[in-house]
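Novice: any chance you can model this:
(2 chains)
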Amino acid sequence: MPNALEIRAMNKAFASNRVLRGIDMDLPAGAITVLMGANGAGKSTLVKIMCGVQPADGGTMQLAGRPYAPETPRAALEAGVVTVHQSINDGVVVDLDVASNLMLDRISTGGQLFLRRRKLHAQAREIAKAVGLVVPMGLPVAQLSLADRQLVAIARALSHNPKVLILDEPTSSLSDAEARRLFALIEKLKAQGVAILYISHRMSDIRRLADRILCMRDGVISGQFEEQPLDYAGAVRAMLGHEMTDVDITLATPGAPVFEASGLKLRATTKPFDMMLRANEVVVVVGLVGSGKAQLASALFGVAPPVAGEMRLDGRAYAPRNPAQAIAQGVFMAARDRRSNAVVPDFDIRRNFTLPFARRHSKAAHMISRRSEMHTARRMIDEMGVKCQSPGDPILSLSGGNQQKVMVGRWMAEEARLLILDEPFQGVDIQARRDIGTRIRAQAEGRATLVLVTELDEALEVADRIVVICEGTLVSDRPNRDIDVAAIMAEVADTPAQPEGQVA
Amino acid sequence: MSVQARLIDLAVKFGFLLLMAGMLVFFSVAAPGFLSPHSAVFVFQSVAITGILALGVTATLVVGGFDLSIGAVATSALMLSAYVMVVWELSAGVAIALCLLMGAFVGLVNGLLIVKGRVPDLLATLGMMFLLIGLQRIPTQGRSISSGMTLPDGTVARGTFSEFFLMLGRHRIDFFIERLIPLSVIFLLIVAVLVWVFLEFPRHGRLMYAIGSNAQAAELAGVKVERYKIAAYMISGTLASFGGVLLAARLGRGDVASGTNLLLDGVAAALIGFAVLGAGKPNAFGTAIGALFVGVLLQGMTMMNAPYYTQDFIKGAVLVVALVFTFAFTARGSRRA
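Specialist: All right, here's what the predicted structure looks like:
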């Protein structure tokens, strides 16, 4: 098979953070290439360059033998590189009906001033038929299921006769049956000679679809698997770079129980489970998006109470109704997605550090003591290793990794009974990740620490115990010693996930 | 930093103060008598009420909200105080207390509508504005309230505005020149200092700014977001009703036609305040300067015999320029950083 797309020596850096470091990649026509990689490996940057959202710093691309360097997403689309993004609602306009969505690209490129409804619907129906989408053309997309919305996005993409189709974690919000429908469609496109790049963590999808596997790690292709039968375990190792993790963990001696939960039920349909967190210990819960991690964090921090179950903190009943109550009892949480849940963009570093504990820095008449704040900010900048000029720098002047250090450090400035860190390594570079991980372990004595992550290698770097969550319930619990990566990966990945709820 | 960036920084920081200085010079030359003490009294008087309303709006802006009902709250307080004293023949103290309570209550309702009812702030306070404009006219069937008026039921209202009450709006203090500073300006200064201190130094002001910047993050940091938002609207309502009391004291009657410009002037002052010294955020000092700016502008134009509609136009234009200063240039500044 000839290559539909060839990428050579591609580089991309954001400030000093080198995200892509010489990527070489071929996508053969009529084959499904699976791209695996942990968060921050550079997958999404690579996709953005391929579909014209960002330019590369260096390197070349050839599409069907011709130089290809799209300047806009529209140019990529016209050249025949079509992308279906992970978050489905980015691909559709929910307020418009199905027909308008399917015809959106043609409508927006001009042509007639007035749209003839009947003609529009007829053309739209043709496009829908190609992907097996059977819904009334006049129905607003808002009323469709997630799977149908995604089919709308894919159908719209396919109406451009793609040479290359990029699917970025397309099954992350689909049910099993919906995913099977999608797979059938992908197989059909493959038979038509489209080169497919399929990005996923989910082993079941990968086993089902992959003709070849590429693994990405820290901005390079770390593994390429083409010989049948494919070496899945090798691919997982290449993706996680387990051998490359040079963090030595000395397991802590577990202290007294701090947090206990019994019969905890996160969603109406999931199985209840028990949980115990001890002092000194860092427990890492590993699970995919949608596995119930978010609900677990919400329940423990009082954002949304669990469906059922009892929680105890230091032996006393614990049922916080809001984060303020949780904090008052010594349960702190660094929320995931710092941009929406943690950063106060108008504040400087000092004020961002002291936000949750402003009360402890205020004296008579609730006046905040600047000196006390500066003291804490300086200490935390030092402890967390935040790279900045002064505590007065605007928080947004910091790099992502340093912002994250502030957001995590915010909760380490005071003594916690239970510290919850939800995706503390999200969107940070490898050095910041190591720094944050070291701090988490260095301060763990005396308190219980619960870290929630998606990526196993992040867990291996900080955990005393690794707990796998799947389908809203805990499925395994093992000390972080001689870990069988493949076994954990199977527990984490081999079962379908459900759409995730929001924090708050 | 390049020369251009430096110039923009200077413009953002001092542009508005320069504009104000330029305006003072212009009016002094173009409008004879603008620099007189008499004219200053007028400026101060209008600034006092606008400023107090604007400081209330500032509190709601800080938590990322907005209060469009301030003008209507002020005129409601104007009518209420007149009604209490003229029709019910009660004391000035009772009238003031009832007005402030009314303002706080309206703020509470606004806050509850926004926080619990999830009505967008602009719409909730806009609805409240219309409601109050109607409500304040019902007891008198749309007529102004003054001593000796005939009530709808045929009786004659015998109450009067007490001397003490009128003094709040009319008394002037000697300051170099006899009777230069109206008492209401002293109230403005006190309110401005209180709001400034409240927003800058205690924990509460800090947390309110955090809410305005990222409410979700504040909530997850344990801040009681809903309470602070409601409190902000209550501050706004209370200050607006205080402004209305001062207006009633100045006018000496419950005039239904007064106070139509209060909303525009107050909001303009608060938003212009964003631009003062390049703060880029709502702040009490900027709001006070903004109120002074609006007052000087109006007085200058009045003395140049500009008709009222030109004044509205110029005010609007100044507001738009101030907003560009705030958002376009400071956003650019933060991106550069």
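Novice: so what does the helix or strand hosting B:L180 touch, helix or strand wise?
Specialist: Assigning secondary structure by DSSP states H and E places B:L180 in strand B:177-182. The helices and strands touching strand B:177-182, judged by 3 or more Cβ pairs under 8 Å, 6 or more residues apart in numbering or on different chains; DSSP states H and E, are helix B:37-62, strand B:172-175. The C-beta positions use only the backbone N, C-alpha and C, and glycine is treated the same way.
Novice: buried deepest among these, which one?
Specialist: Mean neighbours per residue, mean count of other Cβ atoms under 10 Å in any protein chain shown, is largest over the helices and strands packed on strand B:177-182 for helix B:37-62, with a mean of 25.
Novice: could I get the helices and strands packed on strand B:177-182 as CSV with mean pLDDT?
Specialist: Converted to CSV, the helices and strands packed on strand B:177-182 look like this (pLDDT from 0 to 100):
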stretch, mean pLDDT
helix B:37-62, 91
strand B:172-175, 84
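Novice: now do the same contact list for the nearest residue to B:P282 once chain neighbours are set aside.
Specialist: Nearest residue to B:P282, sequence neighbours excluded (Cβ to Cβ, 6 or more residues apart in numbering or on different chains): B:L61, at 3.7 Å. By Cβ atoms under 8 Å, 6 or more residues apart in numbering or on different chains, B:L61 lies in contact with B:212, B:270-271, B:282.
Novice: please repeat the previous calculation with a cut-off of 10 Å.
Specialist: B:54, B:67, B:208, B:212, B:232, B:236, B:267, B:270-271, B:273-274, B:281-283, B:287 (Cβ atoms under 10 Å, 6 or more residues apart in numbering or on different chains).
Novice: please narrow those residues to those residing in strands.
Specialist: In strands, judged by DSSP state E, none of those are found.
Novice: and the residue nearest the centre of chain B, how close does it get to B:F313?
Specialist: Centroid check for chain B by Cα atoms, centre = their mean gives B:L53 as the closest residue, at 2.0 Å. Distance, B:L53 to B:F313, using Cβ to Cβ, to the nearest Å: 21 Å.
Novice: same question, A:H160
Specialist: Per Cβ to Cβ, A:H160 is found 51 Å from B:F313.
Novice: neighbour count: the two, which is higher?
Specialist: A:H160 (17 against 12; other Cβ atoms under 10 Å in any protein chain shown).
Novice: so that one, which of the three states?
Specialist: For A:H160, the assignment made with DSSP: H, G, I helix; E, B strand; the rest coil gives coil.
Novice: pairing partners for the strand holding B:L180, with directions?
Specialist: strand B:172-175 (antiparallel) (DSSP bridges).
Novice: tell me if I'm right that B:I289 and B:T58 touch.
Specialist: No - counting by Cβ atoms under 10 Å, B:I289 does not reach B:T58; the two are 11.8 Å apart.
Novice: got the domain boundaries for chain A?
Specialist: Per automatic domain parsing, the structural domains of chain A span A:3-243, A:257-343+A:401-493.
Novice: got the residues of the stretch 51-200 of chain B near chain A?
Specialist: Residues of the stretch 51-200 of chain B lying close to chain A (Cβ under 10 Å from any Cβ of the partner chain) are B:197-198, B:200.
Novice: give me the buried subset of these.
Specialist: B:F198 (16 or more other Cβ atoms under 10 Å in any protein chain shown).
Novice: and A:A268, how far from chain B?
Specialist: Going from A:A268 to chain B by Cβ to the nearest Cβ, to the nearest Å gives 24 Å.
Novice: quick check: phi and psi at that residue.
Specialist: Note on A:A268: its backbone torsions stand at phi -60, psi -30 [degrees, to the nearest 10].
Novice: which residues in the stretch 251-400 of chain A form helices?
Specialist: With helices called from DSSP state H, counting those that start in this stretch, the stretch 251-400 of chain A shows them at A:293-300, A:323-328, A:338-341, A:349-354, A:370-384, A:400-412.
Novice: just name the most buried of these.
Specialist: Stretch with highest mean neighbour count among these: helix A:349-354 (a mean of 26; mean count of other Cβ under 10 Å).
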